[in-house]
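> the following block contains a protein sequence and its predicted model.
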Amino acid sequence: MATTNDLKNGMVLKLDAGQLWSVVEFQHVKPGKGPAFVRTKLKNVLSGKIVDKTFNAGTKVETANVDKRGMQFSYKDGEDFVFMDMETYDQINVTPATVGDAANYLLEGFEAVVAMYEGQVLYIELPAAVELTIEHTEPGVQGDRSTGGSKPARLETGYEVGVPLFITTGEKIKVDTRSGEYLGRVNS
């Protein structure tokens, strides 16, 4: 248990009949008259839904002890993704629904943060950007410039991103895992 005065970004709360909500942002407000309160923006850990919720200052809230561990993606077992704990070498299977969009950027040996609560995997957290090699893209045409225009490129994971016209097959690029956007070339 904690009070609303102890809230921090990223803290996971157990509200509304045991649902898990992550604190995205919070603000302590002390109006001129009336009691102080805490305005929060909460994200449902499982569904991703974001809601605004206001608590009276000092209200007790139940916190959930979410275990976040660095794990390595080992391989795909049928539909499931198999991750290995780097400390204990235990392996866990994670469903495609839980992995979500992170599947677009996962390669064997890639490290990610796996968040678990009471033995259940909640979500997979990737770094903000990853470096991947382009498996195939159409060649650029004479006169292509570094500004304007883009073309599709298939990454080594099978995911397709838009890249500038001057990028070629076999180049390593940096991709934003939150938006799926091309960020730039990676110099070897």
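Now that the structure is in, tell me what you want to look at. None of the values given here were measured: they were computed from a predicted structure. Numbers count the residues shown, from 1 in each chain.

> what's the closest non-adjacent residue to the most centrally placed residue in the chain?
Closest to where the C-alpha atoms of the chain average out (C-alpha atoms, centre = their mean) is Glu125, at 4.0 Å. Of all residues not flanking Glu125 in the chain, Val113 sits nearest, at 4.0 Å (C-beta to C-beta, 6 or more residues apart in numbering). Glycine gets a C-beta too; all of them are placed from N, C-alpha and C.

> need the contact list for that neighbour.
Each residue near Val113 by C-beta atoms under 8 Å, 6 or more residues apart in numbering is listed here: 68-71, 124-126.

> returning to what we had before: isn't the residue nearest to the centre of the chain right up against Ala112?
Yes - between Glu125 and Ala112 there is a contact under C-beta atoms under 8 Å: 6.4 Å.

> any common contacting residues for the two?
With contacts taken as C-beta under 8 Å, 6+ apart, the residues that reach both Glu125 and Ala112 are Ala102.

> the closest residue to Pro35 other than its chain neighbours and Gly78, how far apart?
In this structure, Pro35 finds its nearest non-sequential neighbour in Asn56, 6.1 Å apart by C-beta to C-beta, 6+ apart. Asn56 sits at a distance of 49 Å from Gly78 (criterion: C-beta to C-beta, to the nearest Å).

> quick one on the thing from earlier: for Thr3, see how far away the residue nearest to Pro35 is.
Distance, Asn56 to Thr3, by C-beta to C-beta: 10 Å.

> those two - which one has more neighbours?
Set side by side, Asn56 and Thr3 give different neighbour counts by other C-beta atoms under 10 Å, the larger being at Thr3 (13 against 10).

> distance of that one from Gly170?
Between Thr3 and Gly170 the distance, using C-beta to C-beta, works out to 55 Å.

> what comes into contact with stretch 154-172?
Taking C-beta under 8 Å, 6+ apart as the criterion, the residues outside stretch 154-172 that touch it are 103-107, 131-137, 139-141, 144-146, 149-153, 173, 175, 180-182, 185-186, 188.

> how about a cut-off of 7 Å?
Stretch 154-172 has contacts (C-beta atoms under 7 Å, 6 or more residues apart in numbering) with 104-107, 131-137, 139-140, 144, 146, 149-153, 173, 175, 180, 182, 185-186, 188.
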